[in-house]
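1. Predicted model and sequence below, questions to follow.
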Amino acid sequence: MIYYFLWGVSLIGLVLGLFWLNLLFFKESKRIKLKEFPYVSIIVPVYNEESTVGNTIKSLLNLNYPKNKIEIIVVNDESKDKTVSIVQKFRQVRLVNNKHEGIGKASAVNKGLSFAKGEFVAIVDADSEVSKNSLRNVLEYFSSKKVGGVITPIKVLESKNLYNRLQKIEYTFTAVIRELMSRINTLYSSHGVLSVFRKDIVKNLGGFDENNLTEDLEIAMRLKSNGYDIRMASNALTYTRVPSTFKELWNQRVRWYRGFLQNLVKYKKVFFKKKYGLYGNFQLPLNLFSLIVLALVFVFFSYEIMSKIYNWIIKIMVLKFEIFSFGELPSIKNLLLSFDVKYFFPLIIVIFINLYLFYRASKLIKQKTRFFSLTILAYFIVYPILTMFHWVTALFQEMFNTRKKW
Amino acid sequence: MVKKDLRKAFFASVTIGILIFSLGLFAGYGLDLLRVKDVSISISEVELQTLDYITSQEFLETFGRDYCDSLNLKLSKVTPELNNIGKILTNYEEKNIFSGDEYKLLKSKYFLLEIRAYTLFTKLNKECNLDQNLILYFYDQHHEESLRQGYALDKVVESSNIHVFSFDRNFEIIKFLVDSYEIKRAPTIVINEKKKFEGFTSLGEIRDYLESES
């Protein structure tokens, strides 16, 4: 029975992979030529960011955008390090102090929002940097009043270790998937590495949710559920630093996924409602379905691993110290014939589809990547398992209402 | 427009997906046929070895030559082959797609070959006064105690003068064997036609019994 389920999963994975591949042939999101430059307020929420905030501000000051049409508001969320003194060195920057409230950076962003004079408001985290033309490029995607927000593809700034390199691949994939979602108007996320919104819309909708673990996802979902569109500006490159240790990555992902689950529940009304189009009838149900499949795969793998361990224990109990023997090794012919092609064939095709998507994504964000490396192998083998554990932990924490930690 | 294109894209993906999946099934079936062929060849080889044994025995007996050593050597080569076929058969059977009936036939053939080898060995043991230990092992598939017994017997068989013949007691074709030894439960092992152990028998118990026998 379990094997039929796995079989089904590989078929679904294959169909979805082909579907995303098909979307590559869809038209890119509409762009307009900027006749004049709108005023943009860039909000940078900071909390103990002494090591990175300087570079973030420098990159913002280096933007290829009229200086009189831009304001940079750094909102200090009660930092305890040298963040403030570093920010104060930049005279073009307005520093605002915020009394930290809520569970994330939302209160700082809202504070910045209250000071913002721009027609558009951009959110840039203090561990991120933007490319010279990114802001111009982003604004070209506000092709109609219906477009409430535009996000950017993110590149990983440093690749010091395997964790960084795995995330580098992940971010590359994410860029292409978001681009494809943008093409069919189902994109429903934003991030803190340069996401730009129409200020009035965000303000009218009540600003950022200060009690949400992933306030950037929440605002995007709120925009979508109020009939606004989110676009992806694939040519507006941005850069960010990513977790470098297992613990950092674990905490970040569990927070993200908990936030996702919370927001899924918060916007459950969107599911299967005609007025939300493909977003409510295809994208969100698909993501929920993927989560259920992931949970079932987790149960299956846990069962398989537990039964293997159990068998080993039994074997040890039966054979005691004679467990290791130099019995006959299976021949190559037997190994080849033992290959369970019915499960692995679709999976191999899925891997090739993913490699192609990865190739396209690398081109999209102009990233040089070695396609046949150990990191890629680890990405396809280790990372899904790790991600599965992140999701399951997030699911458990949400089910048992564990304290929300940012 | 997007909706229409999307529908097209979706149906194209489903169609291509099913095609690729069918290709996987087809490849799986092809591999299945190769597996069946592989086991059939191995079984034929053992059949040939058995025929070689029987022919040699008839010849040597008829012309009054000494046959004990040479036949013992011949038969001792058959049992590891049989054990190997048993393992491969179990492994392949788990991966089969459409060849369930073929595997059933192969298994029946395999069990009959084991019975023949066991009979020949018993006969040779008696005629030549050999000290080969012969164990019949009756198991149930996907049965925990049988699995444990299998681990123990895999270890036992590593000794040079011990031969294990394993049987799925639920196979119709070996009903006569199951009835003849009055097998009521799995696992059951019968050692040298003298002692029947019902339920799991530990490695130590088997070895102790074999030592007491010798």
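-> Happy to help now that I have it. This structure is a prediction, so every number in the text was calculated from the model and none was measured. Numbering: from 1, shown residues only, chains lettered A, B, ... in the order given.
2. ok, and the closest non-adjacent residue to the residue nearest the centre of chain A?
-> Of all residues in chain A, the one closest to the mean position by CA atoms, centre = their mean is residue A:174, 6.3 Å from it. Excluding the flanking residues, the one nearest residue A:174 by CB to CB, 6 or more residues apart in numbering or on different chains is residue A:154, at 7.4 Å. Just so you know, the C-beta spots here come from the backbone N, C-alpha and C atoms, and that holds for glycine as well.
3. swap in residue A:214?
-> Nearest residue to residue A:214 in three dimensions, chain neighbours excluded: residue A:259, at 2.7 Å (CB to CB, 6+ apart).
4. correct me, but that neighbour touches residue A:220?
-> No: counting by CB atoms under 8 Å, residue A:259 sits too far from residue A:220 to count as a contact (11.5 Å).
5. ok, residue A:258 - how many residues close by?
-> 23 (other CB atoms under 10 Å in any protein chain shown).
6. Measure how far the host helix or strand of it is from the centre of its chain, please.
-> In the assignment (DSSP states H and E), residue A:258 maps to helix A:246-266. Distance, stretch centre to chain centre, for helix A:246-266: 10 Å (CA atoms, centre = their mean, to the nearest Å).
7. Tell me the first helix or strand C-terminal of it.
-> Past helix A:246-266, the next helix or strand by DSSP H and E is helix A:277-278.
8. Can you name every helix or strand that that next one contacts?
-> helix B:2-62 (3 or more CB pairs under 8 Å, 6 or more residues apart in numbering or on different chains; DSSP states H and E).
9. Counting neighbours, which bits of the helix or strand following the helix it packs on end up buried?
-> Next helix or strand after helix B:2-62 toward the C-terminus (DSSP H and E): helix B:68-94. Buried residues in helix B:68-94, counted by 16 or more other CB atoms under 10 Å in any protein chain shown: B:71-72, B:74-76, B:78-79, B:81-86, B:88-89, B:92-93.
10. Same check on stretch B:34-53?
-> B:35, B:36, B:38, B:39, B:42, B:43, B:46, B:49, B:50, B:53.
11. Need the three-state assignment for residue A:212.
-> coil (DSSP: H, G, I helix; E, B strand; the rest coil).
12. That one and residue A:265 touch, don't they?
-> No: using CB under 8 Å, residue A:212 makes no contact with residue A:265, being 11.6 Å away.
13. Out of the two, name the residue with the larger neighbour count.
-> Taking neighbours as other CB under 10 Å, residue A:212 and residue A:265 compare with residue A:212 leading, 22 against 9.
14. What helix or strand is the nearest residue to the more buried one once chain neighbours are set aside located in?
-> Closest residue to residue A:212 apart from its sequence neighbours, by CB to CB, 6+ apart: residue A:218 at 4.4 Å. Assigned by DSSP H and E, residue A:218 belongs to helix A:215-225.
15. Only C-alpha atoms, please: export that helix in CSV.
-> The C-alpha trace of helix A:215-225 is given here as CSV (Å, rounded to 0.1, in the frame of the first residue of the first chain):
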residue,chain,number,x,y,z
GLU,A,215,4.8,39.6,8.3
ASP,A,216,6.2,39.9,4.8
LEU,A,217,4.3,36.8,3.7
GLU,A,218,1.2,38.1,5.6
ILE,A,219,1.1,41.4,3.9
ALA,A,220,1.5,39.8,0.5
MET,A,221,-1.4,37.4,1.2
ARG,A,222,-3.5,40.3,2.5
LEU,A,223,-2.8,42.2,-0.7
LYS,A,224,-3.8,39.1,-2.7
SER,A,225,-7.0,38.5,-0.7
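16. tell me the angle of it relative to helix A:246-266?
-> 20 degrees (axes from the mean of the first three to the mean of the last three CA atoms, to 10 degrees).
17. on that earlier part again, ok, residues contacting the helix holding residue A:258?
-> Helix A:246-266 is contacted by residues A:163, A:167, A:212-214, A:217-218, A:221, A:242-243, A:284, A:287-288, A:386-387, A:390-391, A:393-395, A:397-398, A:404-406 when judged by CB atoms under 8 Å, 6 or more residues apart in numbering or on different chains.
18. In this structure the residue nearest to residue A:174 contacts residue A:236, no?
-> No: contact between residue A:154 and residue A:236 fails when scored by CB under 8 Å: they sit 10.3 Å apart.
19. can you list the residues of the stretch 101-250 of chain A near chain B?
-> A:183, A:184, A:185 (CB under 8 Å from any CB of the partner chain).
20. Look up how far residue A:162 lies from the residue nearest to the first one when sequence neighbours are not counted.
-> Translated: residue A:183. In this structure, residue A:183 finds its nearest non-sequential neighbour in residue A:26, 4.4 Å apart by CB to CB, 6+ apart. Residue A:26 is 34 Å from residue A:162, where distance means CB to CB, to the nearest Å.
21. got the phi/psi numbers for whichever residue of the stretch 51-200 of chain A sits closest to chain B?
-> Closest approach between the stretch 51-200 of chain A and chain B, counting by CB to the nearest CB: residue A:184, at 5.7 Å. Dihedral pair for residue A:184: phi -100, psi 10, per degrees, to the nearest 10.
22. residues in contact with it?
-> Residue A:184 neighbours (CB under 8 Å, 6+ apart): A:23, A:26, A:278, B:2, B:6.
23. and the gap between the residue nearest to residue A:183 and residue B:4?
-> Counting by CB to CB, the gap from residue A:26 to residue B:4 is 12 Å.
24. Show me which of these two is the more surrounded one.
-> Per other CB under 10 Å, whichever of residue A:26 and residue B:4 has more neighbours is residue A:26, with 16 against 8.
25. Name the SS class of that one, please.
-> Following three-state DSSP, we place residue A:26 in the coil state.
26. And it, its phi and psi?
-> Per degrees, to the nearest 10, the backbone of residue A:26 is at phi -80, psi 160.
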